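Student: one predicted model, sequence on top.
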Amino acid sequence: METKLIRVCSVSDVSPGSGKAFLIGSYKLAVYNVQGEFYASADTCSHAEESLAEGWLEGTNIECPRHGAQFCLKTGEAKTLPATDPIEVFETEVRDGDLYVKLPAKYL
């Protein structure tokens, strides 16, 4: 699958311990700052149509604000019910203070 490295934001745009949503093309992307490490995932919970960027970080897990399902930001695995399906996660890279995400070309 063809991927492209896309500049999403400045690293200063995402505060430590939080997530932020971005629209890349027509794709809803969430990026998270976990103590200076950056992660990226689909912004939509696999259980309900809710923004994960609005959820709570617990280490490298994100908790959906609607029903409390948790997902691993490293693998996308659904860690707790009510979610059973994983979310997409993407590689990130920091260059010169900017955050880049490797996204499948189909989303661009």
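Tutor: Received it, and whenever you're ready, just let me know what you need.

Student: K102: neighbour count?
Tutor: The tally of other residues near K102 (other Cβ atoms under 10 Å) stands at 13. Where C-beta positions appear, they are placed from N, C-alpha and C, glycine not excepted.

Student: how far away is the closest residue to it other than its chain neighbours from T80?
Tutor: Distance criterion Cβ to Cβ, 6 or more residues apart in numbering; nearest residue to K102, sequence neighbours excluded, is E91 at 4.3 Å. For E91, the distance to T80 (Cβ to Cβ, to the nearest Å) stands at 24 Å.

Student: over to I87?
Tutor: From I87 to T80 the distance is 13 Å (Cβ to Cβ).

Student: K4 now?
Tutor: Going from K4 to T80 by Cβ to Cβ gives 32 Å.

Student: for K102, same thing?
Tutor: Counting by Cβ to Cβ, the separation of K102 from T80 is 27 Å.

Student: who does the residue nearest the centre of the chain form a beta bridge with?
Tutor: What sits nearest the mean C-alpha location of the chain, by Cα atoms, centre = their mean, is S41, with 2.7 Å. Beta-bridge pairing of S41, defined through DSSP bridges, involves A30, V89.
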